[in-house]
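Peer 1: need a structure here:
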Amino acid sequence: MGQPVTLIGEAVFARCLSSLKAERTRASEKLSGPTPDFKGDRQEFVDNLEQALYASKIISYTQGFILMQNAAKEYGWKLQKPEIALMWRGGCIIRSVFLKDITSAYRKDPELENLLFDDFFNKAIHKAQPGWRDVVAKGAQWGIPTPAFSTALSFYDGLRTKNLPANLLQAQRDYFGAHTFRIKPEYANEKYPEGKDIHVNWTGRGGNVSASTYTA
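Peer 2: Below is the predicted model:
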């Protein structure tokens with residue numbers, strides 16, 4: 001569906017990496033990294049770890065509903081989102097205590113665009129953010145992989161960012177492959193109108209064959 005369900009993907013990749021036991025054993029003798037050296041308040045870090053888990057779980061459910069919502073548009077499904085959350089809570093492998101809060105969110109607003117836009121989850125993700133960032137940062141500093149926590153945080157930071165590097169990437173694609181791009185609305189003009197696939201002769205040496213398009 002072209003949706004950023006990064007936590008499911010990262011969970012699978014983490015298991016794939018874990019399965020490379022023999023290779024990892026050899027790598028442990030050849031590849032160096034930092035040695036964890038914890039200094040500070042142990043209970044505070046445990047609390048931060050709890051917040052990192054909580055926030056990442058919220059992101060996982062957010063991504064799941066994004067996927068289902070877009071699949072519903074593609075295939076003409078009529079989703080009963082509150083009932084889906086209730087069904088998961090009733091005995092599914094992904095059941096969680098806060099599924100009741102997901103049910104409440106979609107009952108309150110059946111057209112809710114994103115779970116993080118609901119007041120309960122918006123407040124929860126902001127409250128968890130400092131501890132979440134601390135855990136991911138310390139994991140990187142100590143050389144401890146945190147694939148789910150870190151990819152969840154990257155998704156969150158990407159989602160809250162209006163302009164992402166893909167804008168520059170598309171200009172590069174047009175430069176080397178004439179893939180075209182679309183001008184940002186605030187920079188549109190008569191030469192480069194909004195909503196049109198544009199190719200620029202970046203080098204002055206031609207290259208006007210258009211390949212495919214990508215709206216960043």
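Peer 1: Give me the three-state assignment for residue 31.
Peer 2: Three-state assignment for residue 31 (DSSP: H, G, I helix; E, B strand; the rest coil): coil.
Peer 1: For it, what are phi and psi?
Peer 2: Main-chain torsions, residue 31, degrees, to the nearest 10: phi -110, psi 120.
Peer 1: which helices and strands sit right next to the strand or helix carrying residue 151?
Peer 2: Using DSSP states H and E, residue 151 sits in helix 147-159. Under the contact criterion of 3 or more CB pairs under 8 Å, 6 or more residues apart in numbering; DSSP states H and E, the helices and strands touching helix 147-159 comprise helix 6-18, helix 42-75, helix 119-142. Where C-beta positions appear, they are placed from N, C-alpha and C, glycine not excepted.
Peer 1: Can you tell me which of those is nearest to residue 165?
Peer 2: Closest approach to residue 165 among these (CB to CB): helix 6-18, 16.0 Å.
Peer 1: From the rest of the structure, what touches the least confident helix or strand in the chain by mean pLDDT?
Peer 2: The weakest-scoring helix or strand in the chain, judged by mean pLDDT, DSSP states H and E, is helix 81-89 (a mean of 83). Contacts of helix 81-89 with the rest of the structure, by CB atoms under 8 Å, 6 or more residues apart in numbering, involve 65, 68, 94-96, 99-100, 102-104, 106-107, 110, 112.
Peer 1: rerun that using 10 Å as the cut-off
Peer 2: With CB atoms under 10 Å, 6 or more residues apart in numbering as the test, helix 81-89 has contacts from 61, 64-65, 68-69, 72, 80, 92, 94-112, 115.
Peer 1: sorry, back to before: tell me how far the helix holding residue 151 is from the chain's mean position?
Peer 2: Its chain's C-alpha centre and that of helix 147-159 lie 5 Å apart, by CA atoms, centre = their mean, to the nearest Å.
Peer 1: Now it: average pLDDT?
Peer 2: The average pLDDT within helix 147-159 is 96.
Peer 1: And for stretch 201-216?
Peer 2: Rounded to a whole number, the mean pLDDT of stretch 201-216 is 58.
Peer 1: Equivalent analysis for stretch 13-24, please.
Peer 2: When pLDDT is averaged over stretch 13-24, the result is 96.
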